[in-house]
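1. Take this sequence and fold it.
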Amino acid sequence: MKAMSQYIDIHPENPQARLINKVVDRLRDGGLIAYPTDSGYALACMVGNKEGMDRIRAIRQLNDKHNFTLMCSNFSQVGPVAIVGNTAFRLIKRLTPGPYTFILKGTKEVPRMTLNPKKHTLGIRIPDYPIAQSLVEALGEPLLSSTFIRPGEEEPETSGWEIHDELGHLIDIVIEGPVASTEPTTVIDLTEDVPEVLRQGAGDTSTI
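-> From the prediction side, this is the model:
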């Protein structure tokens with residue numbers, strides 16, 4: 001029987017650096033975390049952590065065609081990991097930070113196992129949420145993430161306490177913090193010249 005996860009309550013507006021660093025240390029040690037974002041909870045591990053990716057797939061019951069998302073603290077973290085054309089650049093700049101996931105082709109910097117096996121794509125996020133931002137900033141590189149939607153559900157998880165209580169044995173750290181929206185992100189495919197909305201979620205798409 002695996003031990004229960006650590007349950008860490010982090011301030012949603014002024015995240016405590018000591019607690020953020022504790023989470024980052026666990027991520028660097030191969031850990032899997034559940035954390036709040038501007039659109040529900042997400043599961044995350046370090047890029048290149050194969051076991052962490054397998055654990056996310058197992059919890060969410062995903063196949064290998066799932067687009068994992070790289071959570072970035074700002075646009076400068078996007079360039080090394082994704083191929084961004086002019087149209088995509090302008091759109092991402094306009095909509096971020098915010099509850100959007102952009103599907104882009106990955107660069108050679110990204111481990112192949114992180115990319116969609118057929119399309120070589122991945123999701124990119126720049127969240128508008130202090131806890132998520134602080135985590136990625138402290139990590140110093142994008143965080144491999146996946147919206148925490150349980151099998152058979154449409155909406156992401158919104159309660160850290162419930163995650164800890166019901167699924168704590170599958171996760172190393174659960175961060176408590178209110179989510180900014182209970183809807184999942186809006187997903188926009190930017191692999192072609194014309195942006196395509198694949199999933200309408202928390203982000204407004206009226207101007208796309």
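
2. Just to be sure, residue 53 is in a helix?
-> Yes. Residue 53: assigned to a helix according to DSSP: H, G, I helix; E, B strand; the rest coil.

3. Give me the neighbour count for it.
-> Other residues within reach of residue 53 by the criterion other C-beta atoms under 10 Å amount to 24. Heads up, the C-betas are built off the backbone N, CA and C, glycines and all.

4. Who are the contact partners of it?
-> 45, 68, 113-114, 144 (C-beta atoms under 8 Å, 6 or more residues apart in numbering).

5. shaky segments in this structure?
-> Scanning the chain with the threshold set as pLDDT under 70 gives 1-3.

6. And the strands in it, which stretches?
-> With DSSP state E, the ranges of strands along the chain come out as 6-9, 33-36, 41-46, 69-71, 82-83, 100-106, 121-125, 143-147, 173-176, 186-189, 196-199.

7. pretty sure residue 177 contacts residue 38?
-> No. Applying C-beta atoms under 8 Å, one finds residue 177 not in contact with residue 38, separated by 11.1 Å.

8. which of these two has more neighbours?
-> Comparing residue 177 with residue 38 by neighbour count (other C-beta under 10 Å), the higher total belongs to residue 38, at 24 against 21.

9. That one: what's it in contact with?
-> By C-beta under 8 Å, 6+ apart, the contact set of residue 38 is 97-99, 127-129, 132, 179-181, 202.

10. if you set the cut-off to 10 Å instead, what comes out?
-> Residue 38 makes contact with 97-100, 125-133, 179-181, 183, 185, 202-203 under the criterion C-beta atoms under 10 Å, 6 or more residues apart in numbering.

11. Repeat that for residue 165.
-> Applying C-beta under 10 Å, 6+ apart as the definition, the contact partners of residue 165 turn out to be 4, 7, 159, 174.

12. measure the first one to residue 173 for me?
-> Residue 4 is 11 Å from residue 173, where distance means C-beta to C-beta, to the nearest Å.

13. Adding mean neighbour count and distance to residue 57, write the strands of the chain out as TSV.
-> Below are the strands of the chain laid out as TSV (neighbours: other C-beta atoms under 10 Å; distance: least, C-beta to C-beta, whole Å):
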stretch	mean neighbour count	distance to residue 57
strand 6-9	16	22
strand 33-36	26	15
strand 41-46	26	10
strand 69-71	25	14
strand 82-83	20	22
strand 100-106	24	17
strand 121-125	25	15
strand 143-147	24	8
strand 173-176	23	19
strand 186-189	22	18
strand 196-199	13	19
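
14. Ok, which of the ones you listed comes nearest residue 25?
-> The minimum distance between residue 25 and those falls on strand 173-176, with 10.0 Å, by C-beta to C-beta.

15. so what's the nearest residue to residue 83 once chain neighbours are set aside bridging to?
-> Residue nearest to residue 83 in three dimensions, not counting chain neighbours: residue 105, with 4.4 Å by C-beta to C-beta, 6 or more residues apart in numbering. Residue 105 forms beta bridges with residue 83, residue 121, as assigned by DSSP bridges.

16. what's near enough to touch residue 105?
-> Per C-beta under 10 Å, 6+ apart, neighbours of residue 105: 82-85, 88, 115-116, 119-122, 190-191.
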